[in-house]
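**Student:** Quick one, what's the 3D model for this:
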Amino acid sequence: MAQKPSIPKGTRDFNAEEVAKRSYIMETIKTQFQLYGFQPIETPSFENSETLMGKYGDEGDRLIFKILNSGEFMKKFSEFFILRTVRFFEANLIRLIKKGNLPKSDILHDDQKMSEFYQEYFLKNILKNEYNLNVEIFDSNYNFFIYKSYLDNNDIIKYLFNNVEDDFQVFEGEKKKKALSFAESIFAKWIILNTSKFSSLISEKALRYDLTVPFARYVVQHQNEIEFPFKRYQIQPVWRADRPQKGRFREFYQCDADVVGSKSLFQEVEFVQLYDAVFTALDLKGVTIKINNRKILSGIAEVIGAQDKLIDFTVALDKLDKIGEEKVKEEMRSKDISEEGIAKLQPLFELKGDFGDQVASLKSILGTSEIGLKGIEELEFINTAISNLKLKTAQLQLDVTLARGLNYYTGAIFEVSAPEGVKMGSIGGGGRYDDLTSIFGKPDTSGVGISFGLDRIYLVLDELNLFPATITESTKVLFINFGDKEAMACLQAVSKLRTNGVKAELYPDSAKMKKQMTHADRRNIPYVVLVGEEEINAGLFTLKNMKSGEQDKLSFEAMLEVLK
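**Tutor:** Residues are numbered from 1 along each chain as shown. I've put the predicted structure just below:
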């Protein structure tokens, strides 16, 4: 039976029209990146696991796709594990037999008793991670295996992989096959139950989760080749083991721009302008660029007495739009934030008015917090600059609940929302990070960056019918094939058209004319050219407009003028 073709959940195939639309978005973004002086770089699709792990918080780490080591390694590893599992089983079995607790004939020839033994010593103890096994199981008098490292470290990996003497063979024939089969099932279940311990043994690499952390690694690794401040852009795919839903995929592109080596707030101002420039170029009017500052969040945590719970506090606050005020408060309580502290947040939930009104309220709330007031000062600088420079189609809006769960933002935080009426999550985001490169050994290198969500922008443009009609036009003109002689004359014209920048092609076979015309129609090719004996002798081309049905006999120069 033939295999049913499919792709993994959270991934997609793209047809020619979709690729053209995606390319249009990427080229528009790339053009603006270059106008603002950003230089392109690329990094590998996968990084060393240690580069990525621990940079996104627990929730982010769980979404990282790990890459297994080579298949040959896994084969040898699984064989080794299965052999050790069987040896461990034999050792315990023989111990019980020698102690007289289990007649050899019973256990070796009674499938039911063998099964009960499996359940007792493997499923109950090992697979459920109940490592406090009875020490009597490990009878060193028989020297069947060394178990000291297990007792010292309570580490199931070391425990199972301790040396087992090979000078006994309890299982033979069918019993050996059953034992191996059981060990294989143990191996499979053990992988699932011990993923965190097991992953470091079988995986040293992972697909990149975003472009920011690999960029930080790049900056440190190539710091002697980089001129600071360094402005880079990067458009590449990333992968996350997330639950697929509308606008959320497991494989998707990010379009990032970052500046490292400058603490100037004019960088933040330029990024607000860059967002505005890109969405204006895409004709996507009315987007909202939300802005906050991590220092303000730190100040609020300080005021409510939750400095040591800053991450828990910000993660909960960031969910306000999704789950509402009461649910946010419940989550804060679950993180042991006091009722008194939560009560002090009430003015925050009720913030209203324009930028100036909200800032005035924040100054009142954060009057005793030096870091909080510093965050307000930075926001005021950005807002004043943008007010003077003016935005074309976007609007800048203060949102003090904006936290973006990532752990590395230290200053300004950005998030871009689609125009009102479009149900879509954020279509862009970013912020200031002062400490990111320090994790790779280069402290005090401040950076700030933003990202565009290509896939969500695509969905918004598609929903609002904002893609230009011309971008999906792959071929401008198709030459009809009437036979070898006519085809040769057509190919000469096709070559000249291509030289002049016109997308042209010849139908490969001299099929019925109706079939060729239908082909052009289904591919939305706007023009076809008919070249028969008469046209060849006259040096002319019959050009037909597929939409209007009109056709004219033209010279090559006249035809070129129409098609360009």
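**Student:** and residue 256, that's in a helix?
**Tutor:** No - read with DSSP: H, G, I helix; E, B strand; the rest coil, residue 256 is strand and lies in no helix.
**Student:** count of residues packed around it?
**Tutor:** Neighbour count of residue 256, defined by other CB atoms under 10 Å: 24. For every residue, glycine as well, the C-beta is placed using N, CA and C.
**Student:** Outline the domain layout of the chain.
**Tutor:** According to automatic domain parsing, the chain comprises the domains 9-68+206-287+418-469, 71-202, 294-394, 473-563.
**Student:** List the buried residues of stretch 234-244.
**Tutor:** Neighbour-count burial for stretch 234-244, counted by 16 or more other CB atoms under 10 Å, picks out 234-236, 238-240.
**Student:** Kindly report the same for stretch 425-439.
**Tutor:** Result for stretch 425-439 [16+ other CB under 10 Å]: buried residues 425-437, 439.
**Student:** Same check on stretch 514-522?
**Tutor:** Neighbour-count burial for stretch 514-522 [16+ other CB under 10 Å]: 516-517, 520.
**Student:** next one: stretch 258-274
**Tutor:** Those would be 258-262, 265, 267-274, for stretch 258-274 by 16+ other CB under 10 Å.
**Student:** dump the residue contacts of the most centrally placed residue in the chain.
**Tutor:** The centroid of the chain falls nearest to residue 239 when counting by CA atoms, centre = their mean (3.4 Å). By CB atoms under 8 Å, 6 or more residues apart in numbering, the contact list for residue 239 reads 65, 207-209, 250-251.
**Student:** and which of those residues is nearest residue 33?
**Tutor:** residue 208 (19.4 Å; CB to CB).
**Student:** pretty sure the closest one is touching residue 45, no?
**Tutor:** Yes - using CB atoms under 8 Å, residue 208 is in contact with residue 45, at 6.5 Å.
**Student:** ok, the two, which is more surrounded?
**Tutor:** Taking neighbours as other CB under 10 Å, residue 208 and residue 45 compare with residue 208 leading, 24 against 14.
**Student:** coming back round to it: need the overlap of contacts for residue 208 and residue 45.
**Tutor:** In contact with both residue 208 and residue 45: residue 236, using CB under 8 Å, 6+ apart.
**Student:** returning to that earlier point: tell me the one of the buried residues of stretch 425-439 nearest residue 324?
**Tutor:** Closest to residue 324, out of all of the buried residues of stretch 425-439 and judged by CB to CB, is residue 425, at 16.7 Å.
**Student:** For the closest one, which three-state class applies?
**Tutor:** coil.
**Student:** Chain neighbours aside, what residue packs nearest to residue 490?
**Tutor:** In this structure, residue 490 finds its nearest non-sequential neighbour in residue 479, 4.0 Å apart by CB to CB, 6 or more residues apart in numbering.
**Student:** oh sorry, the question was meant for residue 39
**Tutor:** The shortest distance from residue 39 to any non-neighbouring residue, by CB to CB, 6+ apart, is to residue 232 (5.5 Å).
**Student:** Distance-wise, check that neighbour relative to residue 476.
**Tutor:** 36 Å (CB to CB, to the nearest Å).
**Student:** With neighbour numbers in mind, choose between the two.
**Tutor:** More crowded of residue 232 and residue 476, by other CB under 10 Å: residue 232, with 21 against 17.
**Student:** can I assume the more buried one sits in a helix?
**Tutor:** No - read with three-state DSSP, residue 232 is strand and lies in no helix.
**Student:** Which strands or helices does the helix or strand encompassing residue 357 pack on?
**Tutor:** In this structure, residue 357 is located in helix 355-365 according to DSSP states H and E. Applying 3 or more CB pairs under 8 Å, 6 or more residues apart in numbering; DSSP states H and E, we find helix 355-365 packed against helix 294-303, helix 346-349, helix 370-389, strand 395-398.
**Student:** could these go into TSV alongside distance to residue 507, mean neighbour count and mean pLDDT?
**Tutor:** Below are the helices and strands packed on helix 355-365 laid out as TSV (distance: least, CB to CB, whole Å; neighbours: other CB atoms under 10 Å; pLDDT from 0 to 100):
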stretch	distance to residue 507	mean neighbour count	mean pLDDT
helix 294-303	60	23	92
helix 346-349	66	14	83
helix 370-389	54	17	97
strand 395-398	51	18	96
